[in-house]
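**Q** Make a model of this:
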Amino acid sequence: MKSLYYFRILSLCLVGLLPGRHTVAQTESAYYSSFATPASPANYRTSATGSGLCLGCLVANPERAADTDLENYATIQNTLGVLGGGVALALQLSGTAPATYRAGVVISSGNVLNAGALATITLRTYLGGSQQQQLLANDALVSSTALSDSRTRLEFVAAKPFDQLEIVVGGILNGVNTVRVLYAYGVPTNTQFTTALGYLSRSPEPSAADYKVTTGGGAVAACVGTGVANPTNAVDAGLNNFATLTTVAGVGNCSASLQVKLEGPAPAGYQAGFVVGNGGVLDVNALNSVQITTYLNGVAQETRAGAELLQLTLLPDNRYQVSFKSGQPFDRVEIKQSALASALNTLQVYYGFGIEPRAFQDDTPVLSDFKTPQRGTEYQESASGLLCLGCSSTNPQKAADNTFTESDYAEVRFPVAALGTYKLKLRLNGAGKAGNRAGIALRTNDALLNTTLLQNIRINTYGGTNGSRLLESSSASTLLDLGLVGDNRHELGFLTTQDFEWVEVEITGGVGLFSAAQIYYAFADDPNPAFPAEVGPPANPLPVELRVFQGRSVETAVELTWQTASEQKNAYFLVERSLGVESGFTTIGQVRGAGTTTRGASYQFRDETAARQDRGPLYYRLRQVDQDGTEHFSPVVVITWKSEQTTALQVYPNPAAETQRINVQLVGLPTDGASLQVYGNLGELIWRGPATGSALEIPLHTLRQGLYHLVLTDAAGQRQASQRLVVTGR
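**A** The predicted structure is shown next:
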């Protein structure tokens, strides 16, 4: 499944590379109350609020909420607060955050903030000294998220630009008395798609030919009440109308299905599914009773059923999209619900769709995907708990490698009654940005995660080359189950407010909980959580029906392969490459087409010059040319390229004796600010020195007998090369 993330296809039929839209994980700037030498009133200010008396109200050390150490805090006190009085701390940000940014503050009160306590806290935003917005912390628009160490994040999506955020603690008796304020922030929200390519079950004048209802299974008497109400609502132009599927829970094989016609034929590779709901929070266990089938010209094409094969994503208004990535073209989709004991027996079906997959996912997430991951530098594991007898972990490196098969995972096992905790920390192969989602893809031996099981999983983010600095944490109700990604794997994550380099999953065993967890990878992404406001067919569909177009890096080259399902008067393909939005596409090769065929064809092209390009993503597309000269563009494939021309390490002697001088030769000159670090086998830093030339030397007596990891990093702390070193006895 990882391969779907690593070589993500960007579906677009436009000339150019989505001008004006970012196609990488969140890279917009984040702003904090962070200043080297904070001073009042330029960087912070305190004030009394309200007309009432607030005895004992004060702000201690306000400058600490505005310095560069995000662990420091100011303390707001209203110890003897009287109704009507309060105290405020306003924090200037390091820049102006535009509208739609998340405006928030990280606080701690020593206890979980309940509704009563939240009612005493007010958040305000300012721009140039003028108030922009004001919300109570218990307002529905304000998100309250419990973090680690009794910290709480209060935030909302700003409707107006802002450069200052103020927190006000009111003097209400029995409210919160002491609040520690760590920092304020303005960070990007997730990128939202407003339009997407695809087809819906949407007809201005729906008729019986646009849908098909099927019920049956058990005895007639037993299945009374099973059926589909208002099926035309799932095929009309009103996307807020819905049909209702009802089955009798726990009775025989009763089932109800609704098949809907799409506006047009969706090509292979499009996501096939439905938008559904039930008026509240959908129990994901109900997914085991759902089956989706695609059709083309009345013939069934593909069927997916249950949690192991379907993807489920939460949308606004308690709606969900349930779907799978198709392998065949289709023009109709069908949803079938069967009766299961204690499962949901009423399902609201809004509409079916065939839509490009990028509408629900980041095109270029940052993953824990290293070619040869090393313990300490790319992954670290630890365990605690004297009662965890029999606990074990296997293949932790597989959660950090770039092999993305269903069987490639790290695994931890707990005996049934074990109470221990296991932690696996994974380094990202790139930077996670504030505003990104940080998460882990995992699977448990319990068929589906539920709220109880989520209470035993925590996700943490860390900073620093060796991941020693804890940044943020999320667990239980604040940890988002982001949906299924196939074979019963879940993505779990949370929205961050700080840049991060490492993601850690912390799993606790216990009686009645899952006894095994399989961990696939860590990620930082910028998802698209909302269904696109506009969905429409491509303006210029390809006369060549492209089944798949993908690429992969092979040594110093990039290998592109594509397959067609059919072709009409196809003369040739021009293979084009771009280094980014601003550079445009250039032609790097040509491949002859198959002319006209209904059986399709397979093609490949090898970009031998990929290693000579700048480090970073490479973008590829096909310019398909008809025999009459008409041109059409394919989707874009993004290859996260790591150039082989970077600096490499040679260490000698290796193995080395304790008394020997250890030399390090750099193949290629290091960049300015580069440094060499030596880590022990448990990830502890042993020695660090500047890499100022091609020949380096590790001081004598620095290393004792054991296994070490040498890591070369650039000025930004990014890993450039690594090598293992064995030191023997004297």
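
**Q** Mind checking the pLDDT average for stretch 626-638?
**A** Stretch 626-638 comes out with an average pLDDT of 83.

**Q** How far does that stretch sit from its chain's centre?
**A** 31 Å (CA atoms, centre = their mean, to the nearest Å).

**Q** In it, which residues are buried?
**A** Residues 626, 632-638 are the ones in stretch 626-638 that count as buried (16 or more other CB atoms under 10 Å). Every residue, glycine included, has its C-beta placed from N, CA and C.

**Q** again with stretch 704-713
**A** So for stretch 704-713, counting by 16+ other CB under 10 Å, buried means 708-713.

**Q** Same list (these) but as a markdown table, adding distance to residue 106, pLDDT and secondary structure.
**A** Formatted as a markdown table, the buried residues of stretch 704-713 follow (distance: CB to CB, whole Å; pLDDT from 0 to 100; DSSP: H, G, I helix; E, B strand; the rest coil):
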| residue | distance to residue 106 | pLDDT | secondary structure |
| --- | --- | --- | --- |
| 708 | 37 | 81 | strand |
| 709 | 34 | 78 | strand |
| 710 | 37 | 82 | strand |
| 711 | 31 | 81 | strand |
| 712 | 34 | 81 | strand |
| 713 | 29 | 80 | strand |
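
**Q** how about low-confidence regions in the stretch 301-450 of the chain?
**A** 307-309, 313-318, 340-344, 360-361, 363, 385-390, 415-419, 445-450 (pLDDT under 70).

**Q** Try it again at 90.
**A** Low-confidence regions of the stretch 301-450 of the chain, defined by pLDDT under 90, span residues 304-329, 337-347, 356-366, 371, 382-393, 402-408, 412-422, 430-437, 441-450.

**Q** Mean confidence (pLDDT) on stretch 680-688, please.
**A** The average pLDDT within stretch 680-688 is 75.

**Q** Count the residues that sit near residue 535.
**A** Using other CB atoms under 10 Å, residue 535 has 22 neighbouring residues.

**Q** Thought residue 239 was touching it, still the case?
**A** No - Residue 535 is beyond contact range of residue 239, at 9.3 Å (criterion: CB atoms under 8 Å).

**Q** shared neighbours of these two, which are they?
**A** Shared contacts of residue 535 and residue 239 (CB atoms under 8 Å, 6 or more residues apart in numbering): residue 200.

**Q** Which of the three states applies to residue 46?
**A** strand (DSSP: H, G, I helix; E, B strand; the rest coil).

**Q** meant to ask about residue 189, not that
**A** Residue 189 - assigned by three-state DSSP - is coil.

**Q** what's the burial count for it?
**A** 17.

**Q** per-residue confidence at it?
**A** On the pLDDT scale, residue 189 is placed at 72.

**Q** Start the count at 16 instead of 1 going forward.
**A** Taking 16 as the first residue, the last one we looked at is residue 204.

**Q** beta partners of the residue most central in space within the chain?
**A** The geometric centre of the chain, computed from its C-alpha atoms, lies nearest to residue 540 (CA atoms, centre = their mean), at 3.6 Å. Residue 540 has these beta-bridge partners by DSSP bridges: residue 452.

**Q** what helices or strands is the longest strand that the chain contains leaning on?
**A** In the chain, assigned by DSSP state E, the strand with the most residues is strand 572-593. Of the remaining helices and strands, those touching strand 572-593 by 3 or more CB pairs under 8 Å, 6 or more residues apart in numbering; DSSP states H and E are strand 560-569, strand 601-612, strand 616-622, strand 631-641, strand 651-656.

**Q** where do the helices sit along this protein?
**A** 17-21, 130-133, 466-469 (DSSP state H).

**Q** And residue 613, how far from residue 598?
**A** Separation of residue 613 from residue 598 (CB to CB, to the nearest Å): 38 Å.

**Q** Who has more neighbours out of those two?
**A** residue 598 (12 against 9).

**Q** Let me see the contact set for that one.
**A** Counting by CB under 8 Å, 6+ apart, there are no residues that residue 598 touches.

**Q** where does it land on pLDDT?
**A** 70.

**Q** gap between it and residue 664?
**A** 31 Å.

**Q** so where is the stretch 516-665 of the chain shaky, pLDDT-wise?
**A** Scanning the stretch 516-665 of the chain for pLDDT under 90 picks out 521-533, 540-574, 578-584, 593-600, 611-617, 623-636, 642-665.
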